[in-house]
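K.L.:
Here is the input, now give the coordinates:
(chains A and B)
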Number of protein chains: 2
Amino acid sequence: MQTIVECVPNFSEGQDAAKLETIVQALLAGPDVHLLAKEMDPDHNRSVVTFVGTRESVGEAALRAIGRAAELIDLNNHQGVHPRMGATDVVPFIPIKGVTLAECAGIARTVAEQTWRRFHIPTFLYEAAARHPKRKNLEHIRRGQFERLREEIRTNPERQPDFGGVHLHPTAGATAVAARKFLIAYNINLNTSNVQLAKAIARKIRASSGGLPAVKAIGVELKARNLAQVSINLTDFETTSLGTVFDAVAKEAAQAHVTIASSEIVGLVPRQAIEDAAAHYLKIQDFHSDVILENRLARVIGD
Amino acid sequence: MQTIVECVPNFSEGQDAAKLETIVQALLAGPDVHLLAKEMDPDHNRSVVTFVGTRESVGEAALRAIGRAAELIDLNNHQGVHPRMGATDVVPFIPIKGVTLAECAGIARTVAEQTWRRFHIPTFLYEAAARHPKRKNLEHIRRGQFERLREEIRTNPERQPDFGGVHLHPTAGATAVAARKFLIAYNINLNTSNVQLAKAIARKIRASSGGLPAVKAIGVELKARNLAQVSINLTDFETTSLGTVFDAVAKEAAQAHVTIASSEIVGLVPRQAIEDAAAHYLKIQDFHSDVILENRLARVIGD
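P.N.:
As a prediction, this is how the structure comes out:
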């Protein structure tokens, strides 16, 4: 595949595996689409599907899944601990190879428009696909969830969708469509069970409280392992690297005489982020991907 | 290519670019062979060619080059600062993908045998292709170079080739053929111009003086940059990693109150070595290549 776009739709069904499978099969029923992962969470009553396609195929694949989900999921009968407003709740597009974030925003807009046209599901654009700064934040768009949005969309101009009118779809609700960069989920485990320290470090390093840009962080307790953890989402590893966030946590922990026990990558990490970390710690000057044997081979051999 | 073997023949010609080109063209005149790099050094009067082939193609490619070099290079008229005993001086085979070190030793033995049969050039097997522990070391085999070996091979049983008799080839000398692991050339620059410190650190960390296994190191002075450098060959990065050798140099330097300024990869580095370094410094638990997005994609998409 010359271009690769990742798409991670979230569906409001986390209990009925057969329904999810039907949605996934619809998604895969076209050219140039590959499933990377699917996860169901019964408490959240939500599933997360990760797939890739080309610039040309990824949007139509998402639309096939959105249409099938609208047939199978009724928000009126849906309960779960995770906030949601649609049968297909969110559809982010992420540039991976040979495609820009702006192009992914274009795909997001097309999918949002077609979701309204084909299925009469109103759509909201967020993050890099948002048309107004106010709409960048998903939580802002989804405030009050399906039940409250159903009322407020009728009368409040601020809650109008980007595509659609003053009514939600009666069973499928509304869908939020985005373009964003690849997100790295990265947890750092401290050599202490003191969750207050983890929370204090999280506050210190996260962007929302004036810390490192592109860092979201919370402190949590891992009871089974008797460890406190700083749980991090790195929304732009080219802005703040894995090494930078690790060093910041290590520095804050050291002030409390605590060391880092280990860290964990949750899900996937782009190769570039790993290469950057190696170059950072080994102080390799003028490091570039081309010094890596396999990259050179791929260019020479062309496979 | 399903299997990839790297081969790095060294030829005793570092001044006549046309001759080297003729040898390289012979090498490439067959299927499944790709040139990665070629370097000539006029002072050494030697050239180093790096190419890859499959398990099936790489040996024949090397033999085509050995045959052509024997036609073009006369050791009787060769002078240079680098030790040498043959027109084609050394031919190491290195496993890269889908092939073992033992299989590369098999290729080396075939090439050594055929070099004798086809071109009447006696051959010596060294490193992982050696038949006796005494023969592992190239410097031991090449002792006294072309001129002395030509005399000693006649009378000294210890200097007998693995393939061939009691005479060198009159103009092409003898060739040493090996299998070995990928070698990483890695230099660490100290924040000091004190070359004695670099030499002391090199002695401390290298395997030959009881330091880290699979590490060769010397201390050198970089006059133009006013820096002392520990210049390292890592002959098995799975035994001693980049991170281990960096940390060892940093620790020794710190005892002299010196820090590491930067480091350099010379040539190429396998991706695994870079991933290992990232996992080491970030303390990533249970790290494996499969958490890297591009690796997962390659498996799913198959390209």
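K.L.:
quick one: contacts of stretch A:9-28?
P.N.:
A:33, A:35, A:38, A:40-49, A:51, A:61-62, A:64-69, A:72-73, A:75, A:78, A:80, A:84, A:86-91 (Cβ atoms under 8 Å, 6 or more residues apart in numbering or on different chains). The way it works is simple: take the backbone N, C-alpha and C, and place the C-beta from them, glycine included.
K.L.:
Among these, which ones are in helices?
P.N.:
Secondary structure defined by DSSP state H assigns A:Ala61, A:Ala62, A:Arg64, A:Ala65, A:Ile66, A:Gly67, A:Arg68, A:Ala69, A:Leu72 of those to helices.
K.L.:
All the strands of the stretch 101-250 of chain A, residue numbers only.
P.N.:
All strands of the stretch 101-250 of chain A, identified by DSSP state E, counting those that start in this stretch, fall at A:123-127, A:175-179, A:184-190, A:215-222, A:227-234.
K.L.:
For the helix or strand of chain A with the lowest mean pLDDT, which helices and strands make contact with it?
P.N.:
In chain A, the helix or strand scored least confidently by mean pLDDT, DSSP states H and E is helix A:293-301, which has a mean of 88. With contacts taken as 3 or more Cβ pairs under 8 Å, 6 or more residues apart in numbering or on different chains; DSSP states H and E, helix A:293-301 sits against strand B:33-41, strand B:46-53, helix B:271-281.
K.L.:
run the last query once more with 7 Å
P.N.:
If you count contacts as 3 or more Cβ pairs under 7 Å, 6 or more residues apart in numbering or on different chains; DSSP states H and E, helix A:293-301 packs onto strand B:33-41.
K.L.:
rewinding a little: which of the ones in helices among the contacts of stretch A:9-28 tops the neighbour count?
P.N.:
A:Ala62 (31 neighbours; other Cβ atoms under 10 Å in any protein chain shown).
K.L.:
That one contacts A:Val8, correct?
P.N.:
No. Using Cβ atoms under 7 Å as the test, A:Ala62 is too far from A:Val8 to be in contact (10.0 Å).
K.L.:
just to revisit the earlier point, among the ones in helices among the contacts of stretch A:9-28, which one lies nearest to A:Thr239?
P.N.:
Closest to A:Thr239 out of these is A:Ala62 (26.9 Å), distances taken as Cβ to Cβ.
K.L.:
how near is that closest one to chain B?
P.N.:
A:Ala62 is 17 Å from chain B, where distance means Cβ to the nearest Cβ, to the nearest Å.
K.L.:
how close does the residue lying closest to A:Gln160 once chain neighbours are set aside sit to A:Ala129?
P.N.:
Excluding the flanking residues, the one nearest A:Gln160 by Cβ to Cβ, 6 or more residues apart in numbering or on different chains is A:Ile153, at 6.8 Å. For A:Ile153, the distance to A:Ala129 equals 19 Å [Cβ to Cβ, to the nearest Å].
K.L.:
and what of A:Phe246?
P.N.:
For A:Phe246 relative to A:Ala129 (Cβ to Cβ), the value is 31 Å.
K.L.:
what's the answer for A:Val245, then?
P.N.:
With Cβ to Cβ as the criterion, A:Val245 and A:Ala129 are 26 Å apart.
K.L.:
and the residue of the stretch 51-200 of chain A found nearest chain B, what does it touch?
P.N.:
Residue nearest to chain B within the stretch 51-200 of chain A: A:Val52 (6.5 Å; Cβ to the nearest Cβ). By Cβ atoms under 7 Å, 6 or more residues apart in numbering or on different chains, A:Val52 lies in contact with A:Ile4, A:Val5, A:Glu6, A:His34, A:Leu36, A:Ile96, B:Leu297.
K.L.:
State the number of residues packed around the nearest residue to A:Asn226 once chain neighbours are set aside.
P.N.:
In this structure, A:Asn226 finds its nearest non-sequential neighbour in A:Ser193, 4.8 Å apart by Cβ to Cβ, 6+ apart. When neighbours are defined as other Cβ under 10 Å, A:Ser193 has 14 of them.
K.L.:
quick one on the thing from earlier: could you measure from the residue nearest to A:Gln160 over to A:Phe146?
P.N.:
11 Å.
K.L.:
Repeat that for A:Pro170.
P.N.:
11 Å.
K.L.:
go on, A:Pro42?
P.N.:
From A:Pro42 to A:Phe146 the distance is 19 Å (Cβ to Cβ).
K.L.:
Excluding sequence neighbours, find me the nearest residue to A:Leu63.
P.N.:
Leaving aside its sequence neighbours, A:Leu63 sits nearest to A:Gln114 (Cβ to Cβ, 6+ apart; 5.6 Å).
K.L.:
Next: A:Asp290.
P.N.:
In space, and not counting its chain neighbours, A:Asp290 is closest to A:Arg296: 6.3 Å by Cβ to Cβ, 6+ apart.
K.L.:
residues contacting that neighbour?
P.N.:
A:Arg296 touches A:Asp290, B:Leu36, B:Leu268, counting by Cβ under 7 Å, 6+ apart.
K.L.:
what about the closest residue to the second one other than its chain neighbours, distance to B:Glu56?
P.N.:
What that stands for is B:Leu36. Excluding the flanking residues, the one nearest B:Leu36 by Cβ to Cβ, 6+ apart is B:Thr50, at 4.3 Å. According to Cβ to Cβ, B:Thr50 and B:Glu56 sit 19 Å apart.
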